[in-house]
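> Sequence first, predicted model second:
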Amino acid sequence: MKKLIFGLALAAFAVTGASAQRIVNNPDNKPFWGVRASLDVSCPTKATLKSGDFKESESLFKNGVGVSVGAVYHLPIVANFYFEPGASLFYNTWANKLDGEDSKYINHNSFRQTGIRIPLNLGYHFDFTDDFKVSVFTGPQLQVGFSCDNYVGAKVEGVEYHEAPSMYSGDEGFNRFNASWNIGVGFTYSKFYLGITGSLEMTNMMRYKKESGEDWSYTAHMNTLGIALGYNF
């Protein structure tokens, strides 16, 4: 009887130990493709003007929303560590803050941007069951803008004006190429995925042309918060 009880206890311990091991080191890890669709909230920071010892920050922009769709490739490294590059097409919006005389005449303004984002995330997942996993990840993200237009509608003395100049041309506007850093968490149930990602821009979104000898700089950053739904194949 004692041998039977000891055998059953040893078997239970082995099963429990194997289950706990799978949480942090699942032997069934394998590469896969996934598709993602995300709702994004754009959160531009204050614009900061620096010139010598002078420094001043001002809130010039309002938050906006956007969407993105794309794909990722999940590549196991060791244990439950993984590398997950991807690519997504995005549409992003935000707006100028208006006050004073401008707000009297301009009845609409928005920046509308399209482009591609390339995240290069490193992460680790915890496999609590065969179907349910929680992952944490971080890594750089590259962004290339295809277009960025400033849609403005105004009415002056009864006459309406509409224009949409490109913010990628001229002496002042926004940079077409940017880089940010991602921090996020993901939940996977069976083949379905839900993820939340914060992206902190590391490069200056502002673009300007300075005259020879000028020592001033103008900086702002575009941070984003994304909520993604996806499916893994």
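Yep, it's here. No experiment lies behind these values; they were computed from the predicted model shown.
> all contacts plus neighbour counts: C-alpha atoms, from now on.
OK.
> need the next SSE after whichever strand or helix holds Gln21, C-terminal direction.
Element membership for Gln21 (DSSP states H and E) is helix 2-24. Past helix 2-24, further along toward the C-terminus, the next helix or strand under DSSP H and E is strand 32-44.
> And the helices in the protein, which stretches?
With DSSP state H as the definition, the chain shows helices at residue ranges 2-24, 102-105.
> Going by mean pLDDT, which of those comes out lowest?
Ranked by mean pLDDT, the helices of the chain bottom out at helix 2-24, with a mean of 53.
> State the distance from Pro31 to Lys210.
Spatial separation of Pro31 from Lys210 under the definition CA to CA, to the nearest Å is 48 Å.
> same check, this time on Glu172
Looking at Glu172 against Lys210, where the rule is CA to CA, the gap reads 10 Å.
> Arg22 now?
Arg22 is 57 Å from Lys210, by CA to CA.
> Which residue of those two possesses the greater neighbour count?
Residue environment comparison for Arg22 versus Lys210 gives the larger neighbour count to Arg22, 19 against 12, counting by other CA atoms under 10 Å.
> Now stretch 136-155: buried residues?
Of the residues in stretch 136-155, those buried by neighbour count under the rule 16 or more other CA atoms under 10 Å are 136-145, 148-154.
> cool, and stretch 53-69?
By 16+ other CA under 10 Å, the buried positions in stretch 53-69 come out as Phe61, Lys62, Asn63, Gly64, Val65, Gly66, Val67, Ser68, Val69.
> so what's the fourth one up against?
By that I understand Gly64. Val41, Ser42, Cys43, Asn92, Thr93, Trp94, Ala95 (CA atoms under 8 Å, 6 or more residues apart in numbering).
> likewise the second one?
With contacts defined as CA under 8 Å, 6+ apart, the neighbours of Lys62 are Cys43, Pro44, Trp94, Ala95, Asn96, Lys97.
> give me the number of residues near the nearest residue to it once chain neighbours are set aside?
Counting by CA to CA, 6 or more residues apart in numbering, the nearest residue to Lys62 once its immediate chain neighbours are dropped is Ala95, at 5.1 Å. For Ala95, the count of nearby residues is 19 (other CA under 10 Å).
> which of the contacts of Gly64 lies closest to Tyr193?
Each of the contacts of Gly64 was scored against Tyr193 by CA to CA, and Val41 proved nearest at 19.3 Å.
> Okay, the residue most central in space within the chain and Lys155: tell me how far apart.
Centroid-nearest residue in the chain: Ser199, 4.1 Å away (criterion: CA atoms, centre = their mean). Counting by CA to CA, the gap between Ser199 and Lys155 amounts to 37 Å.
> Cheers, nothing more for now.
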